[in-house]
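Colleague: Got a predicted model here, sequence first, then my questions.
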Amino acid sequence: MDSPYDVNFLMLVYTGRKEEERPVFRVVIPKGECKVCIGTALKEFWGIAGMDLKTGETQWYNYNDCVSLEDWAVLDRLLRKRFGWMEMLDPGLVYETKLLAKAQLEETVREQEEQHYKCDPA
């Protein structure tokens, strides 16, 4: 789990996909900051390159999709901006989505710690 950027934590990101109209998240290891230029106007976007734990694939994620940063404030903004209907329809959906996202990250952290202890008998 070591990163050349001395970043050794797991991060939850929004994949851009939805299941049953709810956001789908993925746990990645951040590998470093990255700026991309998109479109003919070459608009600049800052983000984070993150490596998927299961596939080993590295992908760029827009900073606004890195939901576990800023003490989960990014998730709050994401839900308000892209999934605002949830709060209008049923505020409990927003609460449930937050709980599930945090549980997904915590479960992956726990799995990584267990795997580390299995590999390191010391």
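Modeller: Received, thanks. Being a predicted model, the structure only gives us computed values, none of them experimental. Numbering: from 1, shown residues only.

Colleague: Please, which helix or strand holds residue 44?
Modeller: Per DSSP states H and E: residue 44 is located in strand 43-52.

Colleague: what does that strand contact?
Modeller: Contacts with strand 43-52, where a contact means CB atoms under 8 Å, 6 or more residues apart in numbering, come from 11, 13, 26-38, 57-63, 65-66. No exception for glycine: its C-beta is placed from N, CA and C like everyone else's.

Colleague: Type out the PyMOL command that picks the buried ones from these.
Modeller: For selection in PyMOL, the members of the contacts of strand 43-52 meeting the burial criterion (16 or more other CB atoms under 10 Å) are listed in this command:
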select buried, resi 11+13+26+27+28+29+30+31+34+59+61+65+66
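
Colleague: Inside strands: which ones of the contacts of strand 43-52?
Modeller: When DSSP state E is applied, the contacts of strand 43-52 are split such that 11, 13, 26-38, 58-62 fall in strands.

Colleague: mind listing what's buried in the helix or strand harbouring residue 96?
Modeller: Secondary structure assigned from DSSP H and E places residue 96 in helix 91-119. Neighbour-count burial for helix 91-119 flags 93, 94, 97, 101, 102, 105, 108 (criterion: 16+ other CB under 10 Å).

Colleague: Closest one of the residues you listed to residue 85?
Modeller: Here the nearest of the buried residues of helix 91-119 to residue 85, counting by CB to CB, is residue 93; it sits at 9.0 Å.

Colleague: Identify the spatial nearest neighbour of the closest one, chain neighbours not counted.
Modeller: Once its chain neighbours are removed from consideration, residue 93 has its nearest residue in residue 86; the separation is 4.3 Å (CB to CB, 6 or more residues apart in numbering).

Colleague: From residue 96, how far out is that neighbour?
Modeller: If you measure residue 86 against residue 96 using CB to CB, to the nearest Å, the figure is 9 Å.

Colleague: Check which helices and strands the helix or strand that contains residue 73 sits against.
Modeller: Under the criterion DSSP H and E, the helix or strand holding residue 73 is helix 73-82. With contacts defined as 3 or more CB pairs under 8 Å, 6 or more residues apart in numbering; DSSP states H and E, the packing partners of helix 73-82 are strand 22-38, helix 84-89, helix 91-119.
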